[in-house]
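Visitor: predicted structure and sequence below. I'll ask about it afterward.
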Amino acid sequence: GASAPEDIVQGIVAEISKMSSSSSVRDLEIVQEDVTFALPTVLRNA
């Protein structure tokens, strides 16, 4: 699946945090994302 834009994630986290003052949030990296994709040939040759 695709990743969600960071600003949307942070907005959701902020809203959830407002609902519960006893909640805490921390970053948890389960898989390091290091995949890159080459441009399609038609764009590379443009």
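Guide: Nice, I can see it.
Visitor: any weak-confidence spans in the chain?
Guide: 1-2 (pLDDT under 70).
Visitor: let's go with 50 and repeat that
Guide: Low-confidence regions of the chain, defined here as pLDDT under 50, do not occur.
Visitor: in it, which helix is the longest?
Guide: Counting residues, the longest helix in the chain under DSSP state H turns out to be helix 6-19.
Visitor: distance between it and the chain's centre?
Guide: Mean-position distance between helix 6-19 and its chain equals 12 Å (CA atoms, centre = their mean, to the nearest Å).
Visitor: what's in contact with that helix?
Guide: Counting contacts by CB atoms under 8 Å, 6 or more residues apart in numbering, the residues outside helix 6-19 that touch it are 23, 25. For glycine as for every other residue, the C-beta is placed from the backbone atoms N, C-alpha and C.
Visitor: how many neighbours does residue 33 have?
Guide: As a burial measure, residue 33 scores 8 neighbours (other CB atoms under 10 Å).
Visitor: same question for residue 19.
Guide: For residue 19, the neighbour count with other CB under 10 Å is 7.
Visitor: could you do residue 46 as well?
Guide: If you count neighbours by other CB under 10 Å, residue 46 ends up with 7.
Visitor: and what of residue 42?
Guide: Neighbours of residue 42 under the rule other CB under 10 Å: 7.
Visitor: start at 534, not 1
Guide: Sounds good: first residue 534 from here, last item residue 575.
Visitor: can you tell me the SS state at it?
Guide: What DSSP: H, G, I helix; E, B strand; the rest coil gives for residue 575 is helix.
Visitor: any idea how far it lies from residue 557?
Guide: Using CB to CB, to the nearest Å, residue 575 is found at 48 Å from residue 557.
Visitor: circling back: dump the longest helix of the chain to PDB, restricted to CA.
Guide: Only the C-alpha atoms of helix 539-552 are listed here, as PDB (Å, rounded to 0.1, in the frame of the first residue of the first chain):
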ATOM      1  CA  GLU A 539       2.800  13.200   6.800                       C
ATOM      2  CA  ASP A 540       0.700  16.300   7.300                       C
ATOM      3  CA  ILE A 541      -2.500  14.300   7.200                       C
ATOM      4  CA  VAL A 542      -1.100  11.800   9.700                       C
ATOM      5  CA  GLN A 543       0.000  14.500  12.100                       C
ATOM      6  CA  GLY A 544      -3.400  16.200  11.800                       C
ATOM      7  CA  ILE A 545      -5.200  13.000  12.800                       C
ATOM      8  CA  VAL A 546      -2.700  12.400  15.700                       C
ATOM      9  CA  ALA A 547      -3.400  15.900  16.900                       C
ATOM     10  CA  GLU A 548      -7.200  15.400  16.900                       C
ATOM     11  CA  ILE A 549      -7.000  12.100  18.700                       C
ATOM     12  CA  SER A 550      -4.700  13.600  21.300                       C
ATOM     13  CA  LYS A 551      -7.300  16.300  22.000                       C
ATOM     14  CA  MET A 552      -9.900  13.600  22.700                       C
END
